[in-house]
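Visitor: Just the structure for this:
(one chain, ligands or ions: 1)
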Amino acid sequence: MDLCGHADTIWRLHDLGILTYATEDGWCYPVSNAAATVQESLAAALEVAGVQVHLQTKVHDIRIEGGRPVLCMAAPQDRRPMDRVVLATGGKAYPALGATGELFPVLARLGHHIEPLRPALAPLLADMRALNALQGVRLDAGLELREGERLLGETIGNIMFTQTGLSGPGAMDLSHLVSARPGSDLRLTLNLAPWAHDELLELLAAKRGTSWPLRVLLGAVLPAKVPVVLLSMADISTEARMTDVSQVDLERLDRTLTALPLRVTGTRGFQQAQVSAGGVSVSEVDPTTMASLRVPGLHLAGEVLDVVGPCGGYNLQFAFTTGMLAGRGAAAEGQSG
Ligand SMILES: Cc1cc2nc3c(=O)[nH]c(=O)nc-3n(C[C@H](O)[C@H](O)[C@H](O)COP(=O)(O)OP(=O)(O)OC[C@H]3O[C@@H](n4cnc5c(N)ncnc54)[C@H](O)[C@@H]3O)c2cc1C
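Guide: Numbers count the residues shown, from 1 in each chain. So this is what the prediction gives:
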């Protein structure tokens, strides 16, 4: 068995006693629905395998002496020579969980190129003046991000309107493109009916010439609060009935619904980012063993590398896969060395 792909991860988790289920749209959760049981199963697996675990033990520096890595701990005399080291110290996102990024300068000193670290999978900051009334509204939306005329990225996903911008997976999936361009002229175009647009147009056509309130018809596919805001933005009375609106009005409303413009000003910081973009360039590791091509005896895995995936488990999968490759690579080196 390969043990490196998504199906292998599920198999491996089950083998470790972490039972999972998948929702219809593909999200995978532990049957317990509790992160604590996952952590306990992983800790138990280490214990059963006889792995020594040193918690609350910070590595301050790594030196190479006699061609081997030496871990330098807090006390100056505490130096631990190693045959091989798998470095999986993560990035700088969500420092509340322990991320500091403090070993990046060490990796740079050892010869690695470090792509600048920046927030990713973070809420977007945007000019929300016209959309203030939508605070707290959650819906699926299509998003296109442009710098000037250039399309940088597009996605469909769940978003939430906040006081300062947009949160939710749909918005966060584009955040690494935003944090890479501080000060740029960035614009989002939102399609607020990515799935039910055709049904809405059919409903509006069926009710043409009737006295149905337009706001109520929009409510068939949009959460409360959204119809009123859209009608105001499209310069149509929020009390308008189908008899009151022209074809031109409906077309303007449709453009507001499917191509709502929003100026993006940045992202929230590392405190609210789920991952960090940047880190050690992947071109500086052997992809089959994750061995550093710069530092003898060092293997790198997970978010310390310059890889960022969208919401949906891709970052965890990358950490699992590269961790597996690094562990195997380090062990194989030991057997051949
Ligand atoms: C709130 C939140 C939600 C997330 N949700 C998802 C999700 O749904 N799906 C997904 O794919 N990803 C998600 N992620 C991202 C995912 O958790 C990370 O990409 C993944 O955990 C990275 O694994 P890693 O082992 O590389 O680093 P980490 O999990 O960050 O582990 C690094 C460890 O190294 C330790 N460390 C750091 N420096 C030192 C040092 N100097 N000495 C000793 N130890 C050190 C840290 O304390 C930490 O324990 C989420 C992240 C957050 C914060």
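
Visitor: tell me the contacts of the residue most central in space within the chain?
Guide: Central residue of the chain (C-alpha atoms, centre = their mean): residue 121, 3.4 Å from the mean position. Taking C-beta atoms under 8 Å, 6 or more residues apart in numbering, we find residue 121 in contact with 93, 172, 173, 175, 176, 273, 274, 275, 308, 310, 311, 315. C-beta: built from backbone N, CA, C; applies to glycine.

Visitor: measure the closest residue to the second one other than its chain neighbours to residue 318 for me?
Guide: Right, residue 172. Of all residues not flanking residue 172 in the chain, residue 121 sits nearest, at 4.6 Å (C-beta to C-beta, 6 or more residues apart in numbering). As judged by C-beta to C-beta, to the nearest Å, residue 121 and residue 318 stand 13 Å apart.

Visitor: Residue 132 too?
Guide: Distance from residue 132 to residue 318, by C-beta to C-beta: 38 Å.

Visitor: These two: who's more crowded?
Guide: residue 318 (18 against 10; other C-beta atoms under 10 Å).

Visitor: element containing the more buried one, please.
Guide: Assessed by DSSP states H and E, residue 318 sits inside helix 314-336.

Visitor: Please state the offset of that helix from the chain centre?
Guide: The gap between the average C-alpha position of helix 314-336 and the chain average comes to 22 Å, counting by C-alpha atoms, centre = their mean, to the nearest Å.

Visitor: So what touches that helix?
Guide: In contact with helix 314-336 (C-beta under 8 Å, 6+ apart) are residues 3-6, 9, 12, 83-86, 88, 121, 274-275, 286-291, 297, 299-303, 305, 307-309.

Visitor: out of these, which are inside helices?
Guide: 6, 9, 12 (DSSP state H).

Visitor: would you turn the residues you listed into a markdown table with pLDDT and neighbour count?
Guide: Formatted as a markdown table, the ones in helices among the contacts of helix 314-336 follow (pLDDT from 0 to 100; neighbours: other C-beta atoms under 10 Å):
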| residue | pLDDT | neighbour count |
| --- | --- | --- |
| 6 | 86 | 13 |
| 9 | 91 | 19 |
| 12 | 92 | 16 |
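
Visitor: Could you export the residues you listed as CSV, including distance to residue 105?
Guide: Shown next, in CSV, are those (distance: C-beta to C-beta, whole Å):
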residue, distance to residue 105
6, 34
9, 32
12, 34
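
Visitor: and which of these is nearest residue 141?
Guide: Comparing the ones in helices among the contacts of helix 314-336 against residue 141 with C-beta to C-beta places residue 6 closest, at 26.4 Å.

Visitor: How much space separates the closest one from residue 21?
Guide: Applying C-beta to C-beta, the value for residue 6 to residue 21 is 15 Å.

Visitor: Show me the helices in the chain, by range?
Guide: With DSSP H, the ranges of helices along the chain come out as 6-15, 35-48, 104-109, 169-172, 175-179, 197-206, 214-218, 226-233, 247-258, 314-336.

Visitor: Ok, which of these comes nearest the ligand?
Guide: The minimum distance between the ligand and the helices of the chain falls on helix 314-336, with 3.4 Å, by C-beta to the nearest ligand atom.

Visitor: could you give the angle of that closest one to helix 6-15?
Guide: Going by axes from the mean of the first three to the mean of the last three C-alpha atoms, to 10 degrees, helix 314-336 is angled at 80 degrees with respect to helix 6-15.

Visitor: which intervals of this structure have sub-threshold pLDDT?
Guide: 1-3, 337 (pLDDT under 70).

Visitor: Show me the domain layout of it.
Guide: 82-116+279-336, 123-268 (automatic domain parsing).

Visitor: hang on, residue 295 packs against residue 67?
Guide: No - checked against C-beta atoms under 8 Å, the pair residue 295 and residue 67 is beyond contact range at 10.3 Å.

Visitor: Could you find the closest non-adjacent residue to the closest residue to the ligand within the stretch 1-150 of the chain?
Guide: Nearest residue of the stretch 1-150 of the chain to the ligand: residue 90, at 2.5 Å (C-beta to the nearest ligand atom). Using C-beta to C-beta, 6+ apart and skipping residues adjacent in sequence, the residue nearest residue 90 is residue 303, 4.6 Å away.

Visitor: before we move on, what about residue 230?
Guide: residue 256 is the one closest to residue 230 (C-beta to C-beta, 6+ apart), at 5.4 Å.

Visitor: show me the contacts for the one you found.
Guide: 230, 233, 234.

Visitor: Could you measure from it over to residue 247?
Guide: To residue 247, residue 256 is 15 Å away according to C-beta to C-beta.

Visitor: Let me know the distance separating the residue nearest to residue 230 from residue 249.
Guide: Here the criterion is C-beta to C-beta. By it, residue 256 lies 11 Å from residue 249.

Visitor: Overlap in contacts, those two.
Guide: Contacts common to residue 256 and residue 249, judged by C-beta under 8 Å, 6+ apart, are residue 234.

Visitor: Residues of the stretch 201-337 of the chain that sit close to the ligand?
Guide: When proximity is defined as C-beta under 6 Å from any ligand atom, the stretch 201-337 of the chain approaches the ligand at 274, 275, 302, 303, 304, 313, 314, 315, 316, 319.

Visitor: wait, which of those is closest to residue 139?
Guide: Nearest to residue 139 among those: residue 274, at 20.8 Å, using C-beta to C-beta.
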